[in-house]
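Trainee: Any chance you can model this:
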Amino acid sequence: MSKASLANFIDQESDTKDIAKAIASYLIDTKQTQSLDSLLRDVMTARESRGVYEITVASSHPLEQKQTNAIKEYFSKNFKGANEVIVHTKIDTTLLGGIRIESANYLIDQTLKSKLNHIKSSIDK
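Mentor: Numbers count the residues shown, from 1 in each chain. A predicted model of the protein is given here:
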């Protein structure tokens, strides 16, 4: 079974937790844990094709519900076919400010570091 077929199978199963545990156990037993990130990204891509966007938002401080709702609304309006947006938040103390939003196929980096690097590269040109 190809990795894409496996990802689609996982996505279609109703009891994904049990399947995820079984796959994780298999990857650990066969010493293929390096494949896990890739497989998870493939599952997220399969879900995006059905309109379910699962995103991770990293920030230096906890987001308020209003901010999380604004991010959901942005994805719903700007990403064709986004019927459902699932937001996972993550505190990243290495960020000075701003947010970084990641999905299976997109990265929106609005961190202070990213903005400063952009300014620096435009000055260096």
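Trainee: now the helices for this protein?
Mentor: According to DSSP state H, the chain carries its helices in the segments 3-12, 16-29, 36-49, 65-78, 112-124.
Trainee: Could you export those as JSON lines, including distance to Ile91, mean neighbour count and mean pLDDT?
Mentor: Quick note: C-beta positions are derived from backbone N, CA and C, even for glycine. Shown next, in JSON lines, are the helices of the chain (distance: least, C-beta to C-beta, whole Å; neighbours: other C-beta atoms under 10 Å; pLDDT from 0 to 100):
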{"stretch": "helix 3-12", "distance to Ile91": "28", "mean neighbour count": "16", "mean pLDDT": "66"}
{"stretch": "helix 16-29", "distance to Ile91": "24", "mean neighbour count": "12", "mean pLDDT": "72"}
{"stretch": "helix 36-49", "distance to Ile91": "20", "mean neighbour count": "17", "mean pLDDT": "81"}
{"stretch": "helix 65-78", "distance to Ile91": "13", "mean neighbour count": "13", "mean pLDDT": "93"}
{"stretch": "helix 112-124", "distance to Ile91": "15", "mean neighbour count": "11", "mean pLDDT": "89"}
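Trainee: of those helices, which approaches Lys90 most closely?
Mentor: Closest to Lys90 of the helices of the chain is helix 65-78 (C-beta to C-beta; 12.2 Å).
Trainee: I'd like the helices of the chain laid out as a markdown table, including distance to Tyr106.
Mentor: What follows is the helices of the chain, written out as a markdown table (distance: least, C-beta to C-beta, whole Å):
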| stretch | distance to Tyr106 |
| --- | --- |
| helix 3-12 | 17 |
| helix 16-29 | 22 |
| helix 36-49 | 9 |
| helix 65-78 | 9 |
| helix 112-124 | 14 |
